[in-house]
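Asks: give me the fold of what follows.
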Amino acid sequence: MSRRFLAVLNRAAGGGRCGKLVDEALGRLRAGGIELELAETSRPGHASEIAREAYARGQRNFLAVGGDGTSYEIVNGLFPQAEGGERPTLGFLPLGTGNSFLRDFSERGLEHATQALLSGKRHACDVLRLTHRDGVLHYINLLSMGFAADVAAARIRRFKNMGELGYLLALFVCLARLDRRAFPVRLNGDAQADQRRCLFLTFNNSKFTGGKMMIAPKAEIADGLIEYVRWGPIGRLGLLRNLPGLYDGTHIKHPLAERHAAKHIEFALDAPVDVMVDGEVLRLQCEKLDVLPGALEVVA
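Replies: Numbers count the residues shown, from 1 in each chain. Next comes the predicted model:
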């Protein structure tokens, strides 16, 4: 088992937190016998370019040094070229803001990730593939539509440089508007699309989002399935009363909530919508979603 990794570093992750902590974190790995080649990102999408070029020249072990956005870009650099080829490995040094994916394994964040790398603890991981009108993207955490994506989009577009206050303002704006609408989807080839109004939909590979929200408590990263969670058109007071349930996973017991495990999902959207995918906010007209079973190996 190789202990050589290409470390893809985003120093700006976590509002600059990554840049302050990275030298010590990398030093611990090197002291433990991990061989690292360092590649720093300088712009959005750069991590994808680095990973794509490295995989093409034979690199198979990658280390995401940053947050969820860094690992998301690396995954989209590895795929689709890694489909059907030699399975790549992805490790993590969670020095960003969200770092949601690793919470499926431990709440100890950086310490757990470091020990996993030093011990070589690896797991098979599915990769979810989204086909949209303008192309294809891949992810390992979750994609969401509706309220959570609305809040994330409002924060970026209206309150981008305001930190935690910006998130609270975006949350207030979206609560005031509370746009409950339909996102027509068909699961596993159903004849009819589900066109019921909802607060949000999520399509999950792992359990957590936003750092600590257990949005999909029954998700498993290597079961070959998409964990689909839907919350119907709950009102403002009902949402506020049930917000704690989003952190312990009990929200799926609400009468308006439901979850399904699917191998294939088709969208019947008539226009692009805001989506949040592994912490990134995009505007896409989604067409279909399927699974690449065990296409990635993760160190966690």
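Asks: low-confidence regions, the stretch 101-250 of the chain specifically.
Replies: Applying pLDDT under 70 to the stretch 101-250 of the chain flags the ranges 163.
Asks: now residue 245: closest residue in space, sequence neighbours ignored.
Replies: Among residues not flanking residue 245 along the chain, residue 251 sits closest, at 3.6 Å (CB to CB, 6 or more residues apart in numbering). Any C-beta I mention is one placed from the backbone N, CA and C, and that applies to glycine too.
Asks: what does residue 121 give?
Replies: Per CB to CB, 6+ apart, closest to residue 121 is residue 299, 6.4 Å.
Asks: didn't the one you found look like it was pressed against residue 89?
Replies: Yes: here residue 299 reaches residue 89: they are 6.4 Å apart, a contact under CB atoms under 8 Å.
Asks: joint contacts of those two?
Replies: Counting by CB atoms under 8 Å, 6 or more residues apart in numbering, the contacts common to residue 299 and residue 89 are residue 122.
Asks: which pLDDT does the model give the residue nearest to residue 121?
Replies: pLDDT recorded at residue 299 is 97.
Asks: from residue 7, how far out is it?
Replies: 12 Å (CB to CB, to the nearest Å).
Asks: could you do residue 283 as well?
Replies: When residue 283 is compared with residue 7 (using CB to CB), they lie 31 Å apart.
Asks: more neighbours, those two?
Replies: Neighbour count, other CB atoms under 10 Å: between residue 283 and residue 7, residue 7 has more, with 21 against 12.
Asks: that one bridge partners, please.
Replies: Counting by DSSP bridges, residue 7 is bridged to residue 38, residue 63.
Asks: quick one: contacts for it?
Replies: Applying CB under 8 Å, 6+ apart, the residues contacting residue 7 are 26, 36-39, 62-63, 65, 93.
Asks: please redo it, this time with the cut-off set to 7 Å
Replies: Applying CB atoms under 7 Å, 6 or more residues apart in numbering to residue 7 gives the contacts 26, 36-39, 63, 65.
Asks: sorry, back to before: and for the residue nearest to residue 245, the neighbour number?
Replies: For residue 251, using other CB under 10 Å, the count is 23.
Asks: begin at 194 from now on, thanks
Replies: Understood, numbering begins at 194; the last thing we discussed is residue 444.
Asks: doesn't it belong to a helix?
Replies: Yes: assessed by DSSP: H, G, I helix; E, B strand; the rest coil, residue 444 belongs to a helix.
Asks: does it touch residue 450 like I think?
Replies: Yes: the pair residue 444 and residue 450 passes the contact test of CB atoms under 7 Å, sitting 5.7 Å apart.
Asks: identify the contacts common to those two.
Replies: residue 424.
Asks: check which residues of stretch 309-325 are buried.
Replies: 309-311, 315, 318-325 (16 or more other CB atoms under 10 Å).
Asks: give me the residues contacting it.
Replies: 194, 222, 225, 227, 268, 272, 282, 284, 329-333, 336, 398, 414-415, 417, 419, 477-493.
Asks: can you give me the helices for the stretch 244-393 of the chain?
Replies: With helices called from DSSP state H, counting those that start in this stretch, the stretch 244-393 of the chain shows them at 261-271, 303-312, 340-351, 356-370.
Asks: how far off centre is the first one?
Replies: Distance, stretch centre to chain centre, for helix 261-271: 9 Å (CA atoms, centre = their mean, to the nearest Å).
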